[in-house]
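J.: No letters, just coordinates:
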C-alpha cells in the first residue's frame, strides 16, 4: 500500500441523529434497505487475492462475513427489545468470529445473500415501528450501556456504510 495508512473511519465517525422524526427514520431505513446492494457493488468482480486483501486487520472477505454476522445479531436485538422489557442481549467477540475458517476463507456469496434477505426483513420490521417502539431499550452486557433502538438504528446505518467504505477505499487505493 506504499505506506498509506487506511483511515479509521473512511465514511466519517459515528454521529447519531439524536431526536426521532418520522422522515429521518425513513431515511435511516432506506439506508438499511440499500446496504446489501452497496456491499455487493463494493465486492463485485473481486477475485480471491483481492478478497483476501487487508484493510488494517481484516480482509475484505472477513469484512463481508462480519457484516452478515453483526447485522444478524442486531436484528435479533431489535426483536428482543420489542418483545421483552429491557433484555440483556447476548454479546459476541467479533474479533474471534472473523478468525473462524468460514470468515477467513469462505465464499462471500452466502454472507451477501444472508445480508440481502436479512436487510429486507429488517427494513420491513423497522418500517412498522412507532416512535415509542424506537425508545425501547436493551442492555449490552460488555459495556453495561443501555441502548435504545433509535440509537441502534443510527449505529447500524453507519456500520454498513463504514465497512462498505473500507472496501471501497481499498478498491480505490489499488485501482481495482
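T.: Received, thanks. For clarity, every value in this text was computed on a predicted model and none was experimentally measured.
J.: Looks like residue 72 contacts residue 121 (just checking).
T.: No: contact criterion CB atoms under 8 Å: residue 72 and residue 121 do not qualify, at 10.5 Å. Quick note: C-beta positions are derived from backbone N, CA and C, even for glycine.
J.: So those two - more neighbours on which side?
T.: residue 72 (15 against 11; other CB atoms under 10 Å).
J.: check which helix or strand covers the more buried one.
T.: helix 60-83 (DSSP states H and E).
J.: same question for that helix, mean pLDDT?
T.: For helix 60-83, mean pLDDT rounds to 98.
J.: what's that helix packed up against?
T.: Other elements packing on helix 60-83 under the criterion 3 or more CB pairs under 8 Å, 6 or more residues apart in numbering; DSSP states H and E are helix 22-43, helix 48-51, helix 94-97, helix 101-105, helix 109-128, strand 137-140, helix 149-174.
J.: Check the offset of it from the chain's centre.
T.: 7 Å (CA atoms, centre = their mean, to the nearest Å).
J.: Please apply the same query to stretch 46-65.
T.: On CA atoms, centre = their mean, the centre of stretch 46-65 falls 16 Å from the chain's centre.
J.: residues of that stretch that come out buried?
T.: Neighbour-count burial for stretch 46-65, with 16 or more other CB atoms under 10 Å as criterion, is recorded at 46, 50-51, 53, 55, 58-65.
J.: of the helices and strands packed on helix 60-83, which approaches residue 13 most closely?
T.: Nearest to residue 13 among the helices and strands packed on helix 60-83 is helix 149-174 (8.5 Å), distances taken as CB to CB.
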